[in-house]
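**Student:** all I have is the shape, not the residue letters:
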Ligand code: AMP
Ligand code: MG
């Protein structure tokens, strides 16, 4: 990994980073995991190839028919329109005989085209009487014959390193007789919550307590990323407990994510411990929800994200900053969330100065136009606004209120949550 840029540029005001600047600083600090593992082909779905895969075979390996029909020598049509059916070539059962002038073989899709034949006529284009067929139409020379190596030639790069394997890729590799693939190992992501007010499900709530929901939203969002997850629970607000948790987590994981307690200027144990044990910056980002973010390293290898505590802020900052980092770490080339233009059907309140990620409900109308409306209350503690939403409404840094009917950008949650 590269050295961290501990003093990122600020354009949006003193000590305020734009979302894009923060994202760029984070991505710049990350290189993909480098260790490989060999796994069976089916386990490879969604994994990233560590080494290129070369073709061992021509696919197809033999000349074969693209149709059910009759294989013949095209030059014979100079004198014949009628052919004697001398044999059959079925898929997996080639015709081993030879063809005299005016002879053809019955052939099925995928079956080997006999060495003497060069053209296949579809069965729909012949009339048949006994073992004589008559061509109703003469296809061009070479019609309906598939050649060896048309799909892949031995020595070709089948798939390059860095490829995220999809269903088509699994089939392509299987067509080469490849049963195992070399993929990048899964990054290990540890996370914990901090705060004396947090209780686990099943515990009883005392006055002022809340159930820890952040570990569940994080669990869910990480679950979408094909990484190994380590839930380290709730860490109480005690110096030794926090220190111990950081040391333990940094030994186990590639990335440690915490929520709560690391706000800029917070004089709490998380902030103090980070300043002591790691190289972590505390950033103010011009974003809503989720202005404070801590980012850096706990040791020379383990990345750290200190997310805000409020439930919506955790989700937004995870998706905007931690998710792209984890994607890059796991070897994914594309880390940017796609945005679409949508007509905003409800007015939105927005103060200039921060980039807003409001919660919205979007749909595509019959004309193919996206529409979006607000989920209502947008407080960073209103987790229901995330649950009710199916997209973020992205409002630029300098934008003010949005009127109904204006165009806005949206980021659908599809695949994120
Ligand atoms: P903090 O960043 O620690 O000051 O927390 C900000 C707000 O988020 C407070 O109301 C916390 O109680 C709440 N909060 C922090 N962590 C969690 C959590 N894991 N689950 C639910 N709420 C939390
Ligand atoms: Mg707290």
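**Tutor:** Perfect, thanks for sending it. No experiment lies behind these values; they were computed from the predicted model shown. Ligands and ions are numbered 1, 2, ... in the order given.

**Student:** residue 123 and ligand 1, how far apart?
**Tutor:** Using CB to the nearest ligand atom, to the nearest Å, we find residue 123 at a distance of 68 Å from ligand 1. Using the backbone N, CA and C atoms, a C-beta is placed for each residue, glycine as well.

**Student:** no wait, residue 211
**Tutor:** Residue 211 sits 7 Å away from ligand 1, going by CB to the nearest ligand atom.

**Student:** what sits against the residue nearest to that residue when sequence neighbours are not counted?
**Tutor:** Take residue 211 and drop its neighbours on the chain: the residue closest to it by CB to CB, 6 or more residues apart in numbering is residue 199, 5.6 Å away. Contacts of residue 199 were listed using CB atoms under 8 Å, 6 or more residues apart in numbering, and they are 205, 209, 210, 211, 212, 234.

**Student:** number of nearby residues for residue 337?
**Tutor:** 16 (other CB atoms under 10 Å).

**Student:** contact partners for it?
**Tutor:** Residue 337 neighbours (CB under 8 Å, 6+ apart): 319, 411, 416.

**Student:** go on, residue 237?
**Tutor:** 194, 195, 196, 261, 268, 269.

**Student:** try 7 Å this time
**Tutor:** 194, 195, 196, 268, 269 (CB atoms under 7 Å, 6 or more residues apart in numbering).

**Student:** out of those, who's the most crowded?
**Tutor:** Of the contacts of residue 237, with other CB under 10 Å as the count, residue 194 tops at 25 neighbours.

**Student:** using JSON lines, lay out the contacts of residue 199 together with distance to residue 226 and pLDDT.
**Tutor:** JSON lines is the format used below for the contacts of residue 199 (distance: CB to CB, whole Å; pLDDT from 0 to 100):
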{"residue": "205", "distance to residue 226": "35", "pLDDT": "96"}
{"residue": "209", "distance to residue 226": "34", "pLDDT": "96"}
{"residue": "210", "distance to residue 226": "30", "pLDDT": "96"}
{"residue": "211", "distance to residue 226": "28", "pLDDT": "97"}
{"residue": "212", "distance to residue 226": "24", "pLDDT": "97"}
{"residue": "234", "distance to residue 226": "26", "pLDDT": "94"}
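
**Student:** in ChimeraX, select just the buried ones from the residues you listed.
**Tutor:** To isolate the buried members of the contacts of residue 199 in ChimeraX, using 16 or more other CB atoms under 10 Å:
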select :212,234
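
**Student:** OK, now which residue of the stretch 101-250 of the chain is nearest to ligand 2?
**Tutor:** residue 195 (3.8 Å; CB to the ion).

**Student:** quick one: residues in contact with the lowest-mean-pLDDT helix or strand in the chain.
**Tutor:** Lowest on mean pLDDT, DSSP states H and E among the helices and strands of the chain sits helix 269-277, with a mean of 77. The contact list for helix 269-277 (CB under 7 Å, 6+ apart) reads 194, 237-239, 242-243, 246, 258, 261-262, 280, 294, 298, 306.

**Student:** if we use 6 Å, what do you get?
**Tutor:** The contact list for helix 269-277 (CB atoms under 6 Å, 6 or more residues apart in numbering) reads 194, 237, 239, 242, 243, 246, 261, 262, 280.

**Student:** which elements pack onto the very next helix or strand once past it?
**Tutor:** Where DSSP states H and E defines the elements, the next helix or strand beyond helix 269-277 is strand 279-285. Counting contacts by 3 or more CB pairs under 6 Å, 6 or more residues apart in numbering; DSSP states H and E, strand 279-285 packs against strand 16-17, strand 292-297.

**Student:** that older thread, nearest to ligand 1 among the contacts of residue 237?
**Tutor:** Nearest to ligand 1, judged by CB to the nearest ligand atom, of those is residue 195 at 5.0 Å.

**Student:** spatially nearest residue to that closest one, not counting backbone neighbours?
**Tutor:** Leaving aside its sequence neighbours, residue 195 sits nearest to residue 260 (CB to CB, 6+ apart; 4.9 Å).

**Student:** who touches that neighbour in this structure?
**Tutor:** Contacts of residue 260 (CB under 6 Å, 6+ apart): 194, 195, 309.
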